[in-house]
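Colleague: The following block contains a protein sequence and its predicted model.
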Amino acid sequence: MEKVFTIKNEQEMINFGNIIGKLAFPNMVISIEGTLGAGKTVLAKGIGQGLGVKDVINSPTFTIMKIYHGRLTFYHLDVYRLSSGEEDFDLEEYFEKDGVSYIEWGKNILDLLPKNRLEIVIDINDDLTRAVKVKAYGSQYEAFLNEVSKYENYDS
Ligand SMILES: Nc1ncnc2c1ncn2[C@@H]1O[C@H](COP(=O)(O)OP(=O)(O)OP(=O)(O)O)[C@@H](O)[C@H]1O
Ligand SMILES: [Mg+2]
C-alpha cells in the first residue's frame with residue numbers, strides 16, 4: 001500500500017511528522033530516503049515533536065544514532081556511511097526495543113530492516129514542494145498509514 005503526500009514547506013513537513021509521531025506505535029520502524037536537503041531531518045524533528053521529545057533533534061550523520069526520550073523512545077539513525085555487513089554494532093536490536101526507529105538511508109542496510117515497516121521516499125518537486133511517498137508493509141503499518149491519510153491539511 002502506498003500513498004503520496006504533497007508537503008509545501010518546512011513547517012508543513014514538521015506538522016506532517018507530528019501526525020506520524022502522535023500515531024506511532026511501539027517497535028515501529030521507519031526507513032527514509034531522499035537526496036541531500038530533501039527534508040529527512042526536518043521530518044525527524046516533526047516526528048520527535050509528535051512523540052513529545054523535548055530535546056532538539058539534529059542530524060545524527062556523524063554518530064550513526066541518537067536516542068531521544070518521549071512518549072516512546074525515538075532512535076534516530078543515519079546509516080549513510082554504512083552498508084550491510086559493515087556495521088560495527090547490532091543495529092537490529094534497536095528495532096525491537098519498544099521505541100520508534102527512524103533510519104535515514106535505510107536502503108544501505110536493507111537486509112537488516114524488518115519486513116514489516118514504513119518506507120518513506122521524499123522527492124523534491126520542480127516548485128520545491130516535496131512529494132512524500134509512504135509505503136506500508138504489513139497490516140499494522142497499513143492501518144497506521146490509513147490513519148495518517150485522514151489528515152488532509154498540514155498548515156498550522
Ligand atoms: N517542503 C519542505 N519540506 C521540508 N524541508 C523543506 C521544504 N521546503 C524547503 N525545505 C528546506 O529543505 C531543507 C531540508 O533539510 P534536511 O536537513 O531536512 O534534509 P535531509 O534530507 O536531512 O538532508 P541530508 O541528506 O543532507 O541530511 C531545509 O533547509 C528546509 O528548510
Ligand atoms: Mg539529514
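Modeller: Arrived safely, thanks for sending. Ligands and ions are numbered 1, 2, ... in the order given.

Colleague: Get me the contact residues on this protein for ligand 1.
Modeller: Contacts of the chain with ligand 1, taken as CB under 6 Å from any ligand atom, map to 7-10, 13, 34, 36-42, 59, 128-130. For glycine as for every other residue, the C-beta is placed from the backbone atoms N, C-alpha and C.

Colleague: now, which of those lie within strands?
Modeller: Mapping those onto strands (DSSP state E) picks out 7, 34, 130.

Colleague: Check the last one and give its pLDDT.
Modeller: The score at residue 130 is 98. That number is its pLDDT.

Colleague: what's the answer for the first one, then?
Modeller: If you check residue 7, the pLDDT there is 97.

Colleague: Just confirm it contacts residue 129, I think it does.
Modeller: Yes - using CB atoms under 8 Å, residue 7 makes contact with residue 129 at a distance of 6.4 Å.

Colleague: out of those two, which sits in the busier spot?
Modeller: Comparing residue 7 with residue 129 by other CB atoms under 10 Å, the one with more neighbours is residue 7, at 22 against 14.

Colleague: any idea how far residue 133 is from the more buried one?
Modeller: Residue 7 sits at a distance of 11 Å from residue 133 (criterion: CB to CB, to the nearest Å).

Colleague: All the helices of the protein, residue numbers only.
Modeller: Applying DSSP state H to the chain gives helices spanning 10-23, 40-50, 139-149.

Colleague: how about a markdown table for the ones you listed, with mean neighbour count and mean pLDDT added?
Modeller: As requested, those are exported to a markdown table (neighbours: other CB atoms under 10 Å; pLDDT from 0 to 100):
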| stretch | mean neighbour count | mean pLDDT |
| --- | --- | --- |
| helix 10-23 | 20 | 97 |
| helix 40-50 | 24 | 96 |
| helix 139-149 | 15 | 97 |
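
Colleague: wait, which of those is closest to ligand 2?
Modeller: Nearest to ligand 2 among these is helix 40-50; the distance by CB to the ion comes to 3.4 Å.

Colleague: For the closest one, list the C-alpha coordinates in CSV.
Modeller: The C-alpha coordinates for helix 40-50 follow below in CSV (Å, rounded to 0.1, in the frame of the first residue of the first chain):
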residue,chain,number,x,y,z
LYS,A,40,14.6,13.8,6.1
THR,A,41,15.9,15.5,9.2
VAL,A,42,13.1,18.1,9.2
LEU,A,43,10.6,15.2,9.2
ALA,A,44,12.5,13.6,12.1
LYS,A,45,12.1,16.9,14.0
GLY,A,46,8.3,16.7,13.5
ILE,A,47,8.1,13.0,14.4
GLY,A,48,10.1,13.8,17.6
GLN,A,49,7.7,16.6,18.4
GLY,A,50,4.7,14.3,18.0
